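Peer 1: no letters, just coordinates:
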């Protein structure tokens, strides 16, 4: 499982011209589920995500997590994070889990975040989405469960 974490001032997801989710200051998580992923991966990555210290404290050091700051989280499914670009110029997605496997793990990841007390918005799994954000920093971190 891969999560691309972006520290944001705000994030928004639109589907079909309508906003389906928006957040204020916090993080945007683009989440990719691999063929080999299971519940353990979703639980590990959700815990790591909320504990990641990427927000500045009073001294300007990145010592605070999204949980510490009371920030919000936007989670968007992103199978393209599993792209294999080693051969040719067209990415291959053979390492990405099929939707019937990926969606329950995506939902588990989101549920784990909410169970940890965070305000979480989501995109629409499998939908064509327009994701807008204002990256703060910029701060972008790639997390992997393996």
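Peer 2: The structure has been received and is ready for your questions. As the structure is a computational prediction, the values presented were derived from the model and not from experiment.

Peer 1: most centrally placed residue in the protein?
Peer 2: residue 29 (1.8 Å; CA atoms, centre = their mean).

Peer 1: got a list of what it touches?
Peer 2: Residue 29 sits next to 3-5, 49, 73-76 when contact means CB atoms under 8 Å, 6 or more residues apart in numbering. For glycine as for every other residue, the C-beta is placed from the backbone atoms N, C-alpha and C.

Peer 1: for this protein, longest helix please?
Peer 2: Assignment by DSSP state H gives helix 99-115 as the longest helix of the chain.

Peer 1: and the average pLDDT for that one is what?
Peer 2: Averaging pLDDT along helix 99-115 gives 97.

Peer 1: name the helices or strands packed onto it?
Peer 2: Under the contact definition 3 or more CB pairs under 8 Å, 6 or more residues apart in numbering; DSSP states H and E, helix 99-115 sits against helix 39-51, strand 72-77, strand 119-122.

Peer 1: of these, which stretch is the most buried?
Peer 2: Of all these, strand 72-77 carries the top mean neighbour count, a mean of 25, counting by mean count of other CB atoms under 10 Å.

Peer 1: for residue 61, give its distance to residue 55.
Peer 2: Going from residue 61 to residue 55 by CB to CB, to the nearest Å gives 10 Å.

Peer 1: hey, what's in contact with both of the two?
Peer 2: With CB under 8 Å, 6+ apart, residue 61 and residue 55 have no common neighbours.

Peer 1: those two: which is more packed in?
Peer 2: residue 55 (22 against 10; other CB atoms under 10 Å).

Peer 1: so how far is residue 39 from that one?
Peer 2: Taking CB to CB, one finds residue 55 at 28 Å from residue 39.

Peer 1: okay, and the beta partners of the closest residue to residue 124 other than its chain neighbours?
Peer 2: Among residues not flanking residue 124 along the chain, residue 15 sits closest, at 5.1 Å (CB to CB, 6 or more residues apart in numbering). On the basis of DSSP bridges, residue 15 is bridged to residue 18.
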